[in-house]
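*Asks:* Prediction below, plus the sequence it came from.
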Amino acid sequence: MGDEIRSMEESPARSVHLAVLMTSHDHRTRTLSALRALEEQRGLPAGTTLGVHLVDTGSTDGTPEAVRLRYPAVEVMTVGPGVLRSQALRIASRNSRSGGGGGGPLGAPGGPSHTWTHQLWLDDGVELHPDALATLLGTAEAVGPDAVVVGAVRNAYGDTVYSGRRGRSLALVEPGEHRPERCDTYDGRVVLLSRAVYDLVGDPDKVFRHRMGDYDHGCRARRAGVHAFVAPGHAGVCADGPDAPGSREPGIGVREALRRVTSVRELPPRQWCVYCLRHTWPWAPLLMLSPYARTAARATLGRWRGRDGPYGLSSARRRGERRNGRRGAEARWGDPRR
């Protein structure tokens, strides 16, 4: 967007120059929706500027062309489809360092004209609420420049699906109504970093090509003495449905389940081991193996439960029918909760 934003009264000496980092892949509609929501932000400090740096990973649905046409000031770089999200985010960050904040009017050409004061990681599947950036920046001012501010994201039903994380179990942190909530690390959907934090922690580690880079970043920040807070309320909505079942898909065999769980889109062993060794000691040796063992056990149990018995009926299904006094195929198996 590289554009100056409408704003409220504030001293020019405290102007915010925001570098927004985005990635996309075959999500033309949702990427344009995310940019439109960014365009419609309100209540920002006077002098606030935005520079948007989008890295498209080989879309075939016309995403980069549509963005260039609708938002000519957005810096769009196209890379190959083998570049995954965390890698693309690093490239967007590198691009932002060659310029930074915005300069031109909204939606019009005008390259970066300021060194950025903040970076915003923004997932292209998140539509920000109109006051989201103002809330994030206000929270950043309240907690101090040496902190990370995380925006919680809800789904279409109002449930929090992405936010800060807390504890060894990485429990989701619900946003407070009026005050920030502390967290230990964070999902990388909506994350605000000040220049001071960036200089201390840097980008997501290149070891993590797709997942875990955001969690690792949060853990490294905490280890460096940087606190992280979830801003009040939800920053936006993610309208996408649930992720594909992947290695948890019912009925697949053990070999296929292990192939999926060790793929780059789930838990590739090398990256998972690096994460465990860095952040889960002394439990790392156990945790490095546990997700693969659980996956194999789940697939084995699922296939065992689904085996067909005599007459083509699985034993579990026959037991369900007997308990209900019916032999019809609808007994208990028509319940959508199962």
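*Replies:* The structure has been received and is ready for your questions. Numbering: from 1, shown residues only.

*Asks:* Low-confidence regions, the stretch 1-150 of the chain specifically.
*Replies:* Residues of the stretch 1-150 of the chain meeting the criterion pLDDT under 70: 1-14, 99-114.

*Asks:* Please, where are all the strands along the stretch 101-250 of the chain?
*Replies:* Ranges of strands in the stretch 101-250 of the chain, per DSSP state E, counting those that start in this stretch, are 114-115, 118-122, 126-128, 147-154, 160-162, 164-166, 171-172, 181-183, 185-186, 190-194, 227-238.

*Asks:* Can you get me a residue count around the nearest residue to G62 once chain neighbours are set aside?
*Replies:* Leaving out its chain neighbours, the residue that sits closest to G62 by C-beta to C-beta, 6 or more residues apart in numbering is R28, at 5.8 Å. Where C-beta positions appear, they are placed from N, C-alpha and C, glycine not excepted. Counted with other C-beta atoms under 10 Å, the neighbours of R28 add up to 19.

*Asks:* Give me the contact list for the host helix or strand of R259.
*Replies:* Per DSSP states H and E, R259 falls inside helix 254-261. Residues from elsewhere that reach helix 254-261, judged by C-beta atoms under 8 Å, 6 or more residues apart in numbering: 246-249, 252, 266-267, 291-292, 295-296, 298-300, 303.

*Asks:* wait, which of these is closest to R36?
*Replies:* G246 (30.7 Å; C-beta to C-beta).

*Asks:* Find me the pLDDT at A156, would you?
*Replies:* A156 is assigned 91 on the pLDDT scale.

*Asks:* Can you read off the backbone torsions of V67?
*Replies:* Phi and psi for V67, reported as degrees, to the nearest 10, are phi -70, psi -40.

*Asks:* I'd like the distance between it and A228.
*Replies:* The gap separating V67 from A228 is 30 Å, by C-beta to C-beta, to the nearest Å.

*Asks:* next structured bit after the helix holding R259?
*Replies:* Later in the chain than helix 254-261, the nearest helix or strand by DSSP H and E is helix 269-279.

*Asks:* Which other helices and strands does that next one contact?
*Replies:* When contacts are defined as 3 or more C-beta pairs under 8 Å, 6 or more residues apart in numbering; DSSP states H and E, helix 269-279 sits against helix 213-223, helix 284-305.

*Asks:* Comparing those helices, which stretch has the densest surroundings?
*Replies:* helix 213-223 (a mean of 21; mean count of other C-beta atoms under 10 Å).

*Asks:* List of residues touching that helix?
*Replies:* With C-beta under 8 Å, 6+ apart, helix 213-223 has contacts from 86, 89, 121, 148, 164-165, 170, 183-188, 191, 197, 200-201, 203-205, 207-208, 228, 275, 278-279.

*Asks:* and T60, how many neighbours?
*Replies:* Neighbours of T60 using other C-beta under 10 Å come to 9.

*Asks:* from what I can see it touches D26, true?
*Replies:* Yes - with contact defined as C-beta atoms under 8 Å, T60 counts as touching D26 (6.2 Å).

*Asks:* Number of residues surrounding E127?
*Replies:* E127: 20 neighbours (other C-beta under 10 Å).

*Asks:* Give the closest residue to it in space, chain neighbours not counted.
*Replies:* A37 (4.3 Å).

*Asks:* what about the one you found, distance to D123?
*Replies:* 12 Å.

*Asks:* And those two? Which one has more around it.
*Replies:* Remark: of A37 and D123, D123 carries more neighbours, 24 against 19, as counted by other C-beta under 10 Å.

*Asks:* what's the spacing between the residue positioned nearest the centre of the chain and V207?
*Replies:* Note on the chain: the residue nearest the mean C-alpha position is R189, at 3.2 Å, using C-alpha atoms, centre = their mean. To V207, R189 is 21 Å away according to C-beta to C-beta.
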